[in-house]
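Q: Below is the sequence, then the predicted model.
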Amino acid sequence: MSSRLRRHFLPWDRPWLPQAAAWLAGDWAGGEALDLSDVLAIVPTRQAARRLREALAGYAAERGSAVFPPQTLTPDMLLRGAEDDPAVASQLEALLAWTDVLQRIDLEEVAAVFPVAPPQRDFAWAWRLAGAFDRLQIQLNEAGLSIADVVTRLGADFPERDRWLGLAQLESLQVSALAARGRREPHAARRAFALRPTLPPGVRRVALLAAPDPMALALRVLETWAESVSVDVVVFAPPEEAENFDEVGRPIASHWGARPIVLAEFKRRVRLCADPAEEAARVVAIARGYREPDGLVAVGAAEADALPWFESEFSRADLPAYNPEGRTRRGGRVHTLLAALAALARDPAIAAVAAVARCPDFLAHLELRDGVSPAAFLTQLDEACGRHLPADLGALQAALGPSAPELAGGVALAEELRGALTAEPFPRCATAALGRLFQGRRFDLAVSSDAVMAAAAEAWRDTLHECASLAARFPQIAAADWWEIALQRFGETRETGEKPAGALDLQGWLELLWEDAPHLVVAGLNDGAVPEAIVGDAFLPESLREQLGLKTNAVRFARDAYLLHAIAASRVAGGRLDVLFAKVSAAGDPLRPSRLLLQCVDAELPERIDFLFRAPAPVQAQPPWTRAWQLRPPRPEPIASVAVTGLRSWLECPFRFWLRHGLKMESVEPEKRELDARDFGTLCHAALEAMAIEAALRDCTDEVQLREFLIGELTSVARRRFGSTLTLPVIVQLESARQRLARVAAVQARERAAGWVVEQVEWPFSLEIGGLTVRGKIDRIDRHEGTGARRVLDYKTSDTAKAPAATHLRTARAEEAALPGWRRVLGGKKEQVWTDLQLPVYLRAVMGAFPGEPAPACGYVNLPKAAGETSLAAWPELTGELLDAAQACTDGVAAAVRAGEFWPPAEIKADADDFAALFHRGAAESIAWGAEP
Amino acid sequence: MNLPHVMIRASAGSGKTYALTNRFVALLASGAAPERIVALTFTRKAAGEFFDEILRKLAKAARDGREAAKLAREIERPELREADFLRLLRGVTAAMPRLRLGTLDAFFARIARAFPLELGLGGEFEVLQAHAAHVERQRVLGRMFAQADGGLGEAQREFIEAFKRATFGTEEKRLAARLDRFLDEHHEAFLAAPDGACWGHPARIWPEGSEWLAPSARKISDVIASLRRELAEAAGNEKQTARWEALFAAVAEWRPGAPLPRAITYMLEHALEVWPQLGREIAEVIVERKKMALTPAAGADLAVLVRHVFAGVLTAHLESTRGIHAVLRGYEGFYDEAVRRAGRLTFGDVQRLLQPDAGGPQLGGGRMMIDFRLDGQFDHWLLDEFQDTSFGQWSVLENLIDEAVQDPAGARSFFCVGDVKQAIYAWRDGDRHLFDAVLDRYNAPAPGTVVEEHLVKSWRSAPPIISMVNAVFGAGEVISTLFPGAASADWNRDWRTHESAHPALTGHAAWLQADDEEGRFALTARLIGEIAPLRRGLGCAVLTQSNKAATALADFLRRTAGIPAIAESDLHVATDNPLGMALLALARAAAHPGDSLARRHVEMTPLRGMLEAEGWGTPGQITRGFLGQIHDSGFERTMEYWLRRAETALPPEDRFSRERGRQFVAAAALFDATGSREVAEFVAFMERHAVRETEVAGVVRVMTIHRAKGLGFDVVVLPDLEGQSIDQARDGLAVTRDAGRAVQWVLDAPPKFFREHDATLRGQLRSAEASACHEALCLLYVAMTRAKRAMYLITGAPGTSTSRNYPRLLAATLGADSVTANSGAIAAAGGAALGDAHWHAEIAETAESGAGEEQRPTGDERLLRRAPRRRVLRPSGDYTRTVDAFAVFSADRSGAVEFGREVHALLAEVEWGREFNAARWRARGFAPAVVEEAVACLLAPQLARVWAAVPGAEVWRERAFEVVLDGAWVTGVFDRVLVERTGDGRVRRATVYDFKTERFPSGADAARHVAQHAGQLQLYRRAVAALTGAQLQAVAAEIVFTGLRQISSITPS
Ligand code: SF4
């Protein structure tokens, strides 16, 4: 390379940044402004540029003045000049051109690239591949190569020649796809610019500052500029190291690959951590050692992905920290809202509606504009979804009842948004929808969440703007795909925010050379992160990179070895460097320490191996389980009235009875997709009720006629409740219900033929038992036309047929001997306890209504899932003593409920317990009963 | 130097890792490049340890002459010295990123990543982890279930039909739940045999036909009538007649698919006892404990009924099998399109992509240039835990390994190690038969190609333990009597008597008995209390068969005996404690205000007061506040916020809940990374989220035997060995494979009774039982080979139960006589005790070492030179307090910001007065409104002084500056500054002009705006003073409102 570039060396025995400022100031000694506005400073990162300007301001301030700063650019921004030509396509446009090519080309023509037919040539596929091809172009372009150049560079015997020929063909198609739209391919434009680069206006001096790794194409630009202005390369290394750097200040790979790195107090400063969590904890502990850490200690993470992790750990420790990289907007409030709107635009499925409905801005709008309470709206939405199982917005709207005005408001807004989203083409529809949502809202920039939203809104606006400008050139792209593109690009923008006062900078590895805090902590120094190594690439394996003069692993190694060496060296005289690495990644993958830590003389290697590759000290045992707190339910109050089912509930567990019937605790199943057992039963009941009421069927013994009636009834009940568009599970469930009803039809026909006539259907009753009102509805009461005997029947739709005796009584457990006598029955050999009282209460109600008549019989009509088990299950034993015992138990339960006896709870297996969420290690232990809430 | 191909059968504790690492070193020493050695294991942990072990071994030899000589001897390169090993060590470390040492899954993924297009993937792919896979499934189901506008699609209709067949004979009312179960249970089976021809087709299962499926021409009612008549002759007693009548009624009523009533099975069983005679001669069938002689005619009738039931049962199962297949195929169709094709794969998917039998390419041989894309050739293969490798995995590697084994130059090699006696992963498709198949593959054509070695010397266990292992597992005759068939034959064939490598080491092995579970647990606690392993610095583990038992036991030990025991099962850290559940309830209550359970739950916790303090007393406030927090800052930060508040209610000593709180927030951070902000998804994620406890010091470790595989402990207690017969086959799908491991047929297995009476199904059942039996033997073997010094088996008394379970096996091999086994100070009834019961007495108890946290150095004196850090001030920051939200979103190009930016740009181009060309501006594409405004400003008489040329003065336009004011770093850009100098060049006067393009209706508002911007302008004045060295009073500042064409001076403050 030519020697027009002048190299300067600034020693690494003290930090780089102040030296760099002084070097730029040159012989300026104060007085009027330090005017560097004719200087172009090329620095490795944006953060470095910021640090440089701050350092210059400080330098001038110490001399009583201020600065006109140099222009600062990162090496890849040097090529931005290419984009001054308005005909050069943007990166997005180049990607879209790729998708266009990929979707249109006959893949047979490029069979060497696509030996196997791709799964589906839709836009998403093309878009993903476009990204891959774009990345390939970027990597090649670093060295100023196109794909076609690769083919010419490689010999005819190159193993994958055909494939690269195919890739080159695709590339030329992409270039033509852009050309056809009057656009220039941006990578080519950059290459062209690098050959004849224009200097930014006003620049008279160029300096490349501590940038050990600039891309080759950028260097070409510098070379050219050096013909007209002075170009300095400033290297952070003492002059005696000059031979270890090339003309542009890059560390020489052969030297740095072999050179030992001196790390002071190796065994004290290099720390093995079990995992990133431990690393983060240690970093925070170190920072905490200072009263005001900012400026004294700085934190670097070898992997930028780890930064948010550290941020969290710092915030947990109440130490302000600042990640200049910021966070991406993906998952942020605006992104989430937009993604929800996009999903709604694509398909108004109920899940999409539910997602939009929970966006704060949707709720805020409902509240502001329509005065709808968010809580009422969401409650009704959940209710309606649970009851009507609507598949989509349309079905939800069809199901709207008058009793849910808030829901109607929300649904109307969703409809409105959906209308706005589909009425116009993208991106106008997006703007229109947002227009509706944000009408009349203002962002208060003094409130940080609003300021964040405003900044995000601007980023979204820019994204849309870019999409809009391209839409005309790519008319084939569908609105849904535009949404995806825009969301993805918007999600990649970053939200940085201002650095809080006194916050510690959390920086990436490449920033650390520019860090001047005396105490530096570098975490995550694991191999693969530092030095970064690329192994196995679908396009550019290492051997090919080498051949093409692209950046290789060896070059990366040299750069990182130099960086570590320099940041360590600059803290020897005053300062300290701590290096942390983890044994296992956050995802559980084993990690290895960075090879940089093994850059020592041979004699030391075995010892370092033992030190670095030892097992981490076992962590301290987790503390034993302790209870954070007991729950304090409200003081129990007596209950005045219950449904019959409540009696069973109390027998099962008095405490859960209180939760269910006293506190009315009930959970919502947010993603309910099919009928639950109760819904299923209700539907069957409705059909059966209709049959019993229908006078024409009163004496029907024709199975077919009964069946048809039942099925018809079921269908219309279902239609009333679920509308005409049913989801798959509901279709299957209705089918199941039909089958079961069909079999009941046979039973009914038989029973009618045997003389049983329906006398009452859904017969409501209410009993006063010891001051407690017990309510219920008897499914049906039959009367025999011959004998005049009555019987009380209850329909059961659970999957297996049940015998009434088995549901009402079970064998007592040993510990139940202590229960009051009325709960127990000495039937036969074993003692039993009551588990339900439904049929006895029914009998009590019927006997009360028909005094003087003989006690009716009772039983279940079972509609189980197995064919052949549909039947009538009577309970002939429920008379005499047993019935008396049941009545005694009923009285006992009623008295207990009236007295507010809801303790102790039963211990129920978690998977059978609706209230399992409340209990840990014993229901009784989990509750502070009777305590003041 | 070439190394032979080796297959090592390494018994437990015999130094498998040692052999592997030695082999790796030997390969290096023979000149193999490290990156050309492929070493594959099953777990990521094992891979990590393997690598560490290699390095440490080399480091040891590089440093110490004796170690070098030892290693050199072991790898049969006696000439090697320290320096040689140092060289090898450097070689390996330098090659670190290129090494191919890891799990099979990762290896396959790496290949797939290098060949996405060749494998028919659309570019890069993402490997799905558990939660993501769950979300995908739910999403796919949602899509499948939704009905498109035009009604049900073809696929959906088929799906419903399939579902009905899959649940043949029963009316399933919960489709989603049932489907979830199908997928959990059968998904893998489907992927292994996607071809419907394998599923429930009688011709596949019974190529020769099945005697049970031959249809009878007679009507069942006729048969019953005829049999009833025949039976009248047989003159049964009353009970017998009732039996028959019950049978008739039940058969008439029964429909295939429904459960079989006892009335039918009873007669079926007895009829089959005399099956050969039935219909041929007088058959004496037992009914109600008495024989009844059936005439051939009656027998024939009965046979028809039996066949009718058999045919019904088998047909139903064939039908449901086909249905299950169709259901899975239906789901798969949707899934494939929505998930896999979109580049989201599980590790299993990746493997199948590469499997030749699943349509994958043949690796090696050049079709896919693996060497090129993965930067180097695979010369040497090291496979660990070979018994756990599946045929699918092997089929991917097979061709590549063939190339190595058949390398004409002999420069490549194959090495595998494993133990068929530890094959406990058959349920994960591990296939122990691979050992023999592979050996056969290479040695049958050329005997001796692969050298087989056995390692039987245990470096882990003391002699008494080894003796007990030998006594149990070497009892060939007992084993083959107890478990006749293939399993015991295989076991006995593979068995070699073990030895201890430490013949002098004292130790103890005992089999003790207790009455029930409580007794077994209590005995465990007493033993640990007596031995006091932790105080003696000994590692101690309690191994169980299930995770549930591990949790229960650890709990028991802690609770009743105060033993610090940790269950190393997956901890559900978000849900196993009240704090986490309260936080989840809060999230639920916010997103679903109708969820009164969640809301009331929160109200019962201390969070109630905190919510009220926050002003979140009502459900509406919670919804608004919480959802806002989530959408603004994500779950992690929101949960952190509430956790902090909740923590104030914790007892100060409650370290546990605080730790759980930390874990909860960490899990929330993982969820945030998915990008989702949906509460329901979050809750599902948290409920599923499990943390695997890392190795912990100073505790008794309680874990499953499966998890203990590969580990060794000084003391091992096995109190959970009860259970069903060890040769019990699993229920579910019966699958048979052919010799090439391809699935031959699949059948939703009918009840055992029916399988027993059909030759084909019986064959399948026997082989399933053999697999189960072998695996169960392996499990006990693994359990009994973990201990170094002492092992205690604790079971119930084997008694008279006929169950062929572990206690029975122990009784049959160790002696059934109950003796009193004395373990230290504890005497318990037991079956056997070997070695020294007081082995631990010689190990001194050590005082608790107070090795606390290493003190972290803080504020080092040398560090006091603080690097300057300044507060940042941006004067140009937006001082407008509120903005119209919609305007900011608006993509309209004439948006205020854009407009302002462009007006500024144009004004900056003008140095003096009239030096501009509006036409050229328009030509450059500036919007007319922008140009208009700029021109109007430039021409406005009231603004003339802004542009008026001042001789000798200089103008700064859009000029950036940096200055430090009051210790803050001010960075900004001047719009326009006019600087006038005196004759000697000093600055006499300067004026800052700041352009404001914002609109407001009247001039009256201008005053308010001026006031708003005054602070900014004052900063500008000071900056100019600092930059020019002028007196502050000499610097004036003016605001130019471009819209109003109005200029306002700022009074110097
Ligand atoms: S009928 Fe449906 S919409 Fe009406 S209140 Fe009930 S659940 Fe809500």
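A: Happy to help now that I have it. Numbers count the residues shown, from 1 in each chain, chains lettered A, B, ... in the order given.

Q: and A:Asp122, how far is that from B:Gly122?
A: Remark: distance between A:Asp122 and B:Gly122 (C-beta to C-beta, to the nearest Å) = 9 Å. For glycine as for every other residue, the C-beta is placed from the backbone atoms N, C-alpha and C.

Q: Between those two, point out the one with more neighbours.
A: Set side by side, A:Asp122 and B:Gly122 show unequal neighbour counts under other C-beta atoms under 10 Å in any protein chain shown, the larger going to B:Gly122 at 25 against 15.

Q: where does that one fall, helix, sheet strand or coil?
A: Put simply, B:Gly122 is coil when judged by DSSP: H, G, I helix; E, B strand; the rest coil.

Q: wait, what's in contact with it?
A: Going by C-beta atoms under 8 Å, 6 or more residues apart in numbering or on different chains, B:Gly122 touches A:Pro118, A:Pro119, A:Gln120, A:Ala124, A:Trp125, A:Arg128, A:Leu129, B:Pro116, B:Arg341, B:Ala342, B:Gly343.

Q: Going along the chain, name the strands of the stretch 401-550 of chain A.
A: For the stretch 401-550 of chain A, the strands defined by DSSP state E, counting those that start in this stretch cover A:442-444, A:494-495, A:504-508, A:519-523.

Q: For the residue of the stretch 301-450 of chain A at minimum distance from the ligand, grab the count of nearby residues.
A: Closest to the ligand within the stretch 301-450 of chain A is A:Gly401: 2.7 Å, counting by C-beta to the nearest ligand atom. Using other C-beta under 10 Å, A:Gly401 is surrounded by 13 other residues.

Q: tell me, what residue is most central in chain A?
A: Residue closest to the average C-alpha location in chain A (C-alpha atoms, centre = their mean): A:Gly331, at 7.4 Å.

Q: Please enumerate the strands of the stretch 601-750 of chain A.
A: Secondary structure of the stretch 601-750 of chain A (DSSP E, counting those that start in this stretch): strands located at A:641-643.

Q: Now for B:Leu89: which residues touch it?
A: Each residue near B:Leu89 by C-beta under 8 Å, 6+ apart is listed here: A:Leu605, A:Pro606, A:Ile609, B:Leu55, B:Leu58, B:Ala59, B:Ala62.

Q: State the helix or strand in which the fourth one lies.
A: Assignment of secondary structure by DSSP states H and E places B:Leu55 within helix B:44-63.

Q: and that helix, how far out from the chain's middle?
A: The chain centre lies 26 Å from the centre of helix B:44-63; the measure is C-alpha atoms, centre = their mean, to the nearest Å.

Q: go on, stretch A:736-751?
A: What separates the centre of stretch A:736-751 from the centre of its chain is 48 Å, taken as C-alpha atoms, centre = their mean.

Q: how far does the helix or strand bottoming out on mean pLDDT in chain B sit from the chain's center?
A: With mean pLDDT, DSSP states H and E as the measure, the helix or strand of chain B carrying the lowest mean pLDDT is strand B:819-823 (a mean of 71). For strand B:819-823, the gap between its own C-alpha mean and the chain's C-alpha mean amounts to 44 Å (C-alpha atoms, centre = their mean).

Q: That strand packs against which elements?
A: With contacts defined as 3 or more C-beta pairs under 8 Å, 6 or more residues apart in numbering or on different chains; DSSP states H and E, the packing partners of strand B:819-823 are strand B:508-513, strand B:826-835.

Q: Pairing partners for it, with directions?
A: Strands that pair with strand B:819-823, judged by DSSP bridges, come out as strand B:826-835 (antiparallel).

Q: Between the contacts of B:Gly122, which has the least confident prediction?
A: When those are sorted by pLDDT, the bottom entry is A:Pro119 at 75.

Q: Just to be sure, that residue is in a helix?
A: No. The assignment for A:Pro119, made by three-state DSSP, is coil rather than a helix.

Q: got the contact list for it?
A: Counting by C-beta under 8 Å, 6+ apart, A:Pro119 touches A:Trp125, B:Gly120, B:Leu121, B:Gly122, B:Arg340, B:Arg341.

Q: neighbours around A:Ser716, how many?
A: Using other C-beta under 10 Å as the criterion, A:Ser716 is surrounded by 13 other residues.

Q: how about it, what does it touch?
A: The contact partners of A:Ser716, by C-beta under 8 Å, 6+ apart, come to none.

Q: Then B:Ala770?
A: With C-beta under 8 Å, 6+ apart, B:Ala770 has these contacts: B:Gly485, B:Ala486, B:Ala487, B:Asp490, B:Asp727.

Q: Any buried residues in the longest helix along chain A, and which?
A: Looking only at chain A and at elements set by DSSP state H, the helix with the highest residue count is helix A:728-753. Of all the residues in helix A:728-753, those buried under the rule 16 or more other C-beta atoms under 10 Å in any protein chain shown are A:728-745, A:747-749, A:751-752.
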